[in-house]
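Chemist: Need coordinates for the below:
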Amino acid sequence: MILTIDAGNTKTKWALFDASGNICHQDACLNTEITTAKLLPDTLNCTQIVISNVAGEQHAAQLQQRIASYQAITTWVIASKQAADVVNSYTTPASLGTDRWAALIGAWHLHHASCVVVNAGTATTIDAIIHRENADYPYGEFVGGMILPGIELMQKSLGAATAQLPKTVALADQQAAIKPFANNTSDAIYSGAIHATLGAITQMLQATEQYSTAPKLIISGGNAGVIQQAFMQQDSAYGKIEHSKKTVTIVDSLVLQGLYLLAQPVINKNS
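Modeler: Purely as a prediction, here's the structure:
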């Protein structure tokens with residue numbers, strides 16, 4: 001069985017896949033809790049471990065200690081020029097975040113179609129993958145993307161850089177805050193963060209339409225539900241965004257699914 005680990009900026013998530021590619025165990029913890037986290041129950045084991053780590057060298061060292069007891073082949077993922085039927089068009093392919101790379105691979109194998117892939121966590125990444133064809137088989141091409149602060153980070157940054165705005169994220173009335181004319185500070189800050197995120201996603205969908213008339217939208221991460229809800233509220237509140245009518249899929253384990261696919265030798269025969 002294959003244990004996949006996604007170490008993000010704030011949380012570490014993991015999943016154990018069986019021989020059929022089904023998740024038979026999964027869990028998560030804050031990065032600060034990784035030294036005491038139990039990755040697998042005593043009744044389960046793994047023969048292979050695949051890790052995406054964007055949390056830095058110290059966290060990598062802590063992860064290495066946590067997996068030391070498993071008799072498993074361990075791979076620390078680095079983005080490559082091509083893997084799992086996906087081509088990476090980054091100028092320097094290895095500089096692409098491993099979580100983004102794994103998410104793109106997971107998204108491609110979910111739909112085998114052009115799509116915009118959103119990872120909505122501490123940071124929000126918005127990436128485009130385009131359906132291509134060659135003489136032998138279809139493949140996905142990652143053509144580029146955006147990185148912006150996550151919804152909470154946008155709000156916190158305002159408090160850190162201004163004298164009179166709140167220093168912490170306030171609870172906003174989400175139904176009211178999606179409207180453009182927020183009438184209190186908490187809603188105004190939340191509305192700004194939401195609309196900045198929706199605007200970036202919409203811009204990416206529009207740009208992707210030059211390659212595909214109906215790019216799919218796939219969202220993962222802790223704020224995936226908030227973003228999906230915001231699209232729905234925006235349509236009903238004051239105006240319709242055409243792109244929110246297109247296919248929207250939330251995949252909680254998108255990075256973990258991509259890491260599992262990266263471990264498959266048959267899929268990676270063309271890498």
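
Chemist: Hmm, residue 24 is touching residue 3, no?
Modeler: No. Using CB atoms under 8 Å, residue 24 is not in contact with residue 3; the gap is 10.5 Å. The way it works is simple: take the backbone N, C-alpha and C, and place the C-beta from them, glycine included.

Chemist: Neighbour count for these two, which is higher?
Modeler: Per other CB atoms under 10 Å, whichever of residue 24 and residue 3 has more neighbours is residue 3, with 27 against 12.

Chemist: which residues are common contacts for residue 24 and residue 3?
Modeler: 16, 17 (CB atoms under 8 Å, 6 or more residues apart in numbering).

Chemist: Kindly format the C-alpha coordinates of stretch 35-46 as CSV.
Modeler: This file holds the C-alpha atoms of stretch 35-46, laid out as CSV (Å, rounded to 0.1, in the frame of the first residue of the first chain):
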residue,chain,number,x,y,z
THR,A,35,6.0,15.3,15.9
THR,A,36,3.2,13.5,17.9
ALA,A,37,0.8,12.7,15.0
LYS,A,38,0.0,9.0,14.4
LEU,A,39,0.1,8.6,10.6
LEU,A,40,-1.3,5.0,10.5
PRO,A,41,-3.2,2.8,12.8
ASP,A,42,-1.2,-0.2,14.2
THR,A,43,-3.3,-2.5,11.9
LEU,A,44,-2.1,-0.8,8.7
ASN,A,45,1.3,-0.5,7.0
CYS,A,46,2.7,0.7,3.8
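
Chemist: For that stretch, what does the pLDDT average out to?
Modeler: Regarding stretch 35-46, the rounded mean pLDDT is 90.

Chemist: buried ones in it?
Modeler: 37, 39, 40, 46 (16 or more other CB atoms under 10 Å).

Chemist: for that stretch, the distance to its chain's centre please.
Modeler: From the chain centre to the centre of stretch 35-46 is a distance of 24 Å (CA atoms, centre = their mean, to the nearest Å).

Chemist: which residues are contacting that stretch?
Modeler: Counting by CB under 8 Å, 6+ apart, 1-3, 5, 12, 14, 16, 24-25, 27, 29, 62, 65-67, 70-72 sit against stretch 35-46.

Chemist: ok, back up a step: quick check: of the buried residues of stretch 35-46, which lies closest to residue 221?
Modeler: residue 37 (19.6 Å; CB to CB).

Chemist: how close does that closest one get to residue 4?
Modeler: 15 Å (CB to CB, to the nearest Å).

Chemist: Now the two most distant members of the buried residues of stretch 35-46.
Modeler: Using CB to CB, the two most remote members of the buried residues of stretch 35-46 are 37 and 46, lying 15.2 Å apart.

Chemist: what helices or strands is the helix or strand residue 110 falls within leaning on?
Modeler: Using DSSP states H and E, residue 110 maps to helix 98-111. For helix 98-111, the contact count by 3 or more CB pairs under 8 Å, 6 or more residues apart in numbering; DSSP states H and E identifies strand 48-53, strand 86-88, strand 115-120, strand 123-133, strand 138-149, strand 216-220, helix 254-262 as packing neighbours.

Chemist: Just put these in CSV and tack on distance to residue 183 and mean neighbour count.
Modeler: Below are these laid out as CSV (distance: least, CB to CB, whole Å; neighbours: other CB atoms under 10 Å):
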stretch, distance to residue 183, mean neighbour count
strand 48-53, 42, 22
strand 86-88, 45, 22
strand 115-120, 26, 28
strand 123-133, 26, 21
strand 138-149, 24, 18
strand 216-220, 29, 25
helix 254-262, 37, 28
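
Chemist: on that earlier part again, list the ones among the buried residues of stretch 35-46 that fall in strands.
Modeler: Among the buried residues of stretch 35-46, no member falls in strands (criterion: DSSP state E).

Chemist: quick one on the thing from earlier: possible to save the helices and strands packed on helix 98-111 as CSV with distance to residue 101?
Modeler: Compiled in CSV, the helices and strands packed on helix 98-111 are given as follows (distance: least, CB to CB, whole Å):
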stretch, distance to residue 101
strand 48-53, 8
strand 86-88, 7
strand 115-120, 11
strand 123-133, 9
strand 138-149, 8
strand 216-220, 13
helix 254-262, 7
